[in-house]
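Undergrad: Structure for the following, please:
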Amino acid sequence: DTVDRGPLALPVARTEWRLNGANLPPAARHSASSLEALVGCPLRWVLNYRAGLRSSSIVSLPRSPMLEGTLGHRLVESLHEGGGLQRSADFAARLDAHLERLLREEAAVLLRAGMTFELAQLRKQLTKSVSALAELLTTSGLSVVDVESHVVVSWRGGELEGRLDLLLRDSNAREVIVDLKWGSKRYRDLLASGQAIQLAVYATARRLSTGATKMSRVGYFSLSRGDVATLDEKTFAGAHTISGPPLEETWAKLEGTVERVEASLSKGRVPVTGVRTSSSLLEALRVPKGQHDAHLEPEAGAACTY
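TA: Coordinates of the predicted model:
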């Protein structure tokens, strides 16, 4: 027989999970995405990187804006491999040829019936933005050293890795790192608030790998708008310069916060933060108010965006 007991009560939300700290050692390899999860949403980091759990669904076609962003990345990479990104007499023709090939081979979903308007708009956006990127490199005196450059260095008893979208060099042989993004506002906000963890990881990994005394100059390039956002007003011609704390400060705060989170996990304490209704990370870690400025306080919900 079936007994109707009515609706069951939802589990009570926890502010902290208690686990065996021996099962939560520091990671052997750190990346920008894993560090963003570690300080932005520790429980997510534990579920992903320790329990091996991943969100999933039935295999499906990529959706906007991920599809557009991926296509833009591949277009830049393909142009670099097929003749370079600098402006030249045949640049427009090469750009069109590479874009058409990539649409057929890697984004054929955009060629289906009913996508005429979306396809035309995307063609226009990518043609305009990648042309703007080529113009930016030329007018700024920047040359491409590598695209999708992988770097791995020793850090905190393990390894720190990054994959740099564009590794450049200026006329004075100084390195410049550009990260390609589809959007723009969110990344400008990250620079302004000192939360650009990804750029800080890339610049630090590159500095450690080369033995340089200073971090590389960095910027976010928007593939949807065709412009660059940066803290540095001298490297990029006509850039949208953001007023924010230096990247070295972001990195120093990140290191201190990582140390606090790992210490908490080693004791089996997994704070539930990163969602909009949770307490802040520094409060959950019991960091004294007077020390908050020396740590990174991730934006609520930021680590759970994707």
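Undergrad: doesn't residue 76 make contact with residue 133?
TA: Yes - in this structure residue 133 lies within contact range of residue 76 using Cβ atoms under 8 Å: 6.9 Å. The way it works is simple: take the backbone N, C-alpha and C, and place the C-beta from them, glycine included.
Undergrad: what residues are shared contacts of these two?
TA: residue 85 (Cβ atoms under 8 Å, 6 or more residues apart in numbering).
Undergrad: could you list every residue that touches the residue nearest to residue 281 when sequence neighbours are not counted?
TA: Nearest non-adjacent residue to residue 281, counting by Cβ to Cβ, 6 or more residues apart in numbering: residue 273, 4.6 Å away. By Cβ under 8 Å, 6+ apart, the residues touching residue 273 are 40-43, 279-281, 284, 298, 300.
Undergrad: now do 10 Å
TA: Residue 273 makes contact with 15-16, 39-44, 261, 279-285, 297-298, 300-301, 303, according to Cβ atoms under 10 Å, 6 or more residues apart in numbering.
Undergrad: Surely residue 160 is in contact with residue 203?
TA: No - using Cβ atoms under 10 Å, residue 160 makes no contact with residue 203, being 11.3 Å away.
Undergrad: Who has more neighbours out of the two?
TA: Set side by side, residue 160 and residue 203 show more neighbours around residue 203, with 26 against 22, by other Cβ atoms under 10 Å.
Undergrad: which residues sit in contact with that one?
TA: 162, 164, 175-177, 196, 212, 214-218, 247-248, 250-251.
Undergrad: that older thread, joint contacts of residue 160 and residue 203?
TA: With Cβ under 10 Å, 6+ apart, residue 160 and residue 203 have no common neighbours.
Undergrad: before we move on, the earlier item: quick one: secondary structure of the residue nearest to residue 281?
TA: coil (DSSP: H, G, I helix; E, B strand; the rest coil).
Undergrad: Now do the contacts for residue 27.
TA: If you count contacts by Cβ under 10 Å, 6+ apart, residue 27 has them with 34-35, 38, 45, 49-50, 156-159, 258, 262.
Undergrad: switch the cut-off to 7 Å
TA: Contacts were defined as Cβ atoms under 7 Å, 6 or more residues apart in numbering; by that measure residue 27 touches 34, 49, 158.
Undergrad: where's it, which helix or strand?
TA: For residue 27, there is no helix or strand it lies in under DSSP states H and E.
Undergrad: please renumber so the chain begins at 277
TA: Let's use 277 as the start, then, which means that last one is residue 303.
Undergrad: where do the strands sit along the stretch 427-576 of the chain?
TA: For the stretch 427-576 of the chain, the strands defined by DSSP state E, counting those that start in this stretch cover 434-445, 451-457, 493-498, 503-506, 516-517, 545-547.
Undergrad: Could you look over those and pick the most buried one?
TA: Ranked by mean neighbour count, these are led by strand 493-498 with a mean of 24 (mean count of other Cβ atoms under 10 Å).
Undergrad: ok, residues contacting that strand?
TA: With Cβ under 7 Å, 6+ apart as the test, strand 493-498 has contacts from 409, 450, 452-457, 459-460, 463, 475, 479, 504-506, 508, 511-512, 515, 523.
Undergrad: go with 6 Å
TA: Strand 493-498 has contacts (Cβ atoms under 6 Å, 6 or more residues apart in numbering) with 452-457, 460, 463, 475, 479, 504-506, 508, 511-512.
Undergrad: Also stretch 364-376?
TA: 351, 354-355, 359.
Undergrad: Format those as JSON lines; extra columns: distance to residue 342 and pLDDT.
TA: Converted to JSON lines, the contacts of stretch 364-376 look like this (distance: Cβ to Cβ, whole Å; pLDDT from 0 to 100):
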{"residue": "351", "distance to residue 342": "15", "pLDDT": "96"}
{"residue": "354", "distance to residue 342": "18", "pLDDT": "95"}
{"residue": "355", "distance to residue 342": "21", "pLDDT": "95"}
{"residue": "359", "distance to residue 342": "27", "pLDDT": "83"}
